[in-house]
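A.B. asks: let me see the structure of the following:
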Amino acid sequence: MSNPLSDFLRDYLTVGIFGSLGFILVGLLLFIAWLLRPDRRQEQKYIAYESGVDPVGSMWSQSQVRYYIFALLFVMFDVEAVFIFPWATQLEAFGLFGLIEMFVFIFVLLLGLIYAWRKGVLKWA
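C.D. replies: The predicted model follows:
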């Protein structure tokens with residue numbers, strides 16, 4: 001008869017062995033790639049590159065806060081879609097209560113969109 005604790009620890013040992021083998025394999029492949037890759041130093045590799053335009057002036061530039069707010073609004077409404085999709089697939093299981101709750105959820109998000117619109121956050125200039 002086998003000891004249940006021993007079986008439990010054997011399962012963890014198996015996971016540990018495969019995890020270690022995975023790390024060793026990745027490290028070995030990265031080391032082989034480091035040995036085989038060409039290493040030619042060129043000054044052009046080390047300059048900043050953006051959209052094919054050579055960098056001019058200092059690297060520091062100030063950006064406007066409205067772009068960050070615009071991005072946060074996008075993330076907020078993107079997350080809304082993540083919450084609506086499972087609800088839509090199970091609408092029949094939730095019934096009328098689920099439908100009313102989702103309308104309340106969408107209404108609150110609509111209020112947030114109207115508030116952002118009135119504050120001028122959605123203007124991209």
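
A.B. asks: quick one: low-confidence parts of the protein?
C.D. replies: For the chain, the stretches flagged by pLDDT under 70 are 1-2, 4-5, 48-59, 125.

A.B. asks: swap the cut-off to 90 and go again
C.D. replies: Scanning the chain with the threshold set as pLDDT under 90 gives 1-12, 38-96, 98-99, 101-102, 105-106, 109, 112-113, 115-125.

A.B. asks: L113 and L73: what is the separation?
C.D. replies: Using Cβ to Cβ, to the nearest Å, one obtains 8 Å as the distance from L113 to L73. C-betas here are computed from N, CA, C, even on glycine.

A.B. asks: my error: substitute L36 in the last question.
C.D. replies: Distance from L36 to L73, by Cβ to Cβ: 47 Å.

A.B. asks: between those two, which one's more packed in?
C.D. replies: Between L36 and L73, counted using other Cβ atoms under 10 Å, L73 has the larger neighbour count: 16 against 7.

A.B. asks: what about that one, which SS state?
C.D. replies: Recorded secondary structure, L73: helix (DSSP: H, G, I helix; E, B strand; the rest coil).
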